[in-house]
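In: whatever this is, show me its structure:
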Amino acid sequence: MDLLIIVTIQPSMLILPRPLVTEMTTNQIGDLVMPYWPGRGFGLGFTLLKDSAEANTPESPGTWRMGGTYGHSWFVDPSEELSVVAFTNTALEGMSGRFTTELCESVYKGIREGCKE
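Out: Alright, predicted model coming up:
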């Protein structure tokens, strides 16, 4: 049996203090180039998108994302009010492989096509 849990957190339901979230989602490494993550900086715990074209992604600048070796991947796009989480148990593929790219592209394609209706 598959279990799907959807939780909606309203903006008024802060879990962390706003100044801490602001610091976490601020690029902490300036213009330091990250060869494996072009177009991205690094906040406190995750990458931050600086340039969508350089990163070759449909995500909005300011999106933060990360993944883990055992196949989880997630990103938050504040501009789209979007959070996406994937748990795959597929080691590196589910963290930073083609699956994560295709998932991201599919989500944004759905957003764009939904806006046309």
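In: chain center to the longest helix along the chain: distance?
Out: The longest helix of the chain (DSSP state H) is helix 98-116. Helix 98-116 sits 13 Å away from the centroid of its parent chain (CA atoms, centre = their mean, to the nearest Å).
In: can you give me the neighbour number for residue 81?
Out: 8 (other CB atoms under 10 Å). Any C-beta I mention is one placed from the backbone N, CA and C, and that applies to glycine too.
In: nope, residue 24 is what I was after
Out: Residue 24 has 15 nearby residues by other CB under 10 Å.
In: still on that earlier bit, show me what the longest helix of the chain is packed up against.
Out: strand 72-77, strand 82-87 (3 or more CB pairs under 8 Å, 6 or more residues apart in numbering; DSSP states H and E).
In: closest to residue 31 out of those strands?
Out: Evaluated over those, closeness to residue 31 peaks at strand 72-77, with 22.4 Å, by CB to CB.
In: residue 13 belongs to a strand?
Out: No - per DSSP: H, G, I helix; E, B strand; the rest coil, residue 13 lies outside any strand segment and is coil.
In: and the residue nearest in space to the middle of the chain, what does it touch?
Out: The C-alpha lying nearest the average C-alpha coordinate of the chain belongs to residue 75 (CA atoms, centre = their mean; 1.8 Å). Counting by CB atoms under 8 Å, 6 or more residues apart in numbering, residue 75 touches 59, 63-65, 83-84, 104.
In: at 7 Å what do you get?
Out: Residue 75 sits next to 59, 63-65, 84, 104 when contact means CB atoms under 7 Å, 6 or more residues apart in numbering.
In: which stretches of this protein have low pLDDT?
Out: Scanning the chain for pLDDT under 70 picks out 1-12, 116-117.
In: what about 90?
Out: 1-18, 21, 36, 45, 67-71, 88-99, 112-117 (pLDDT under 90).
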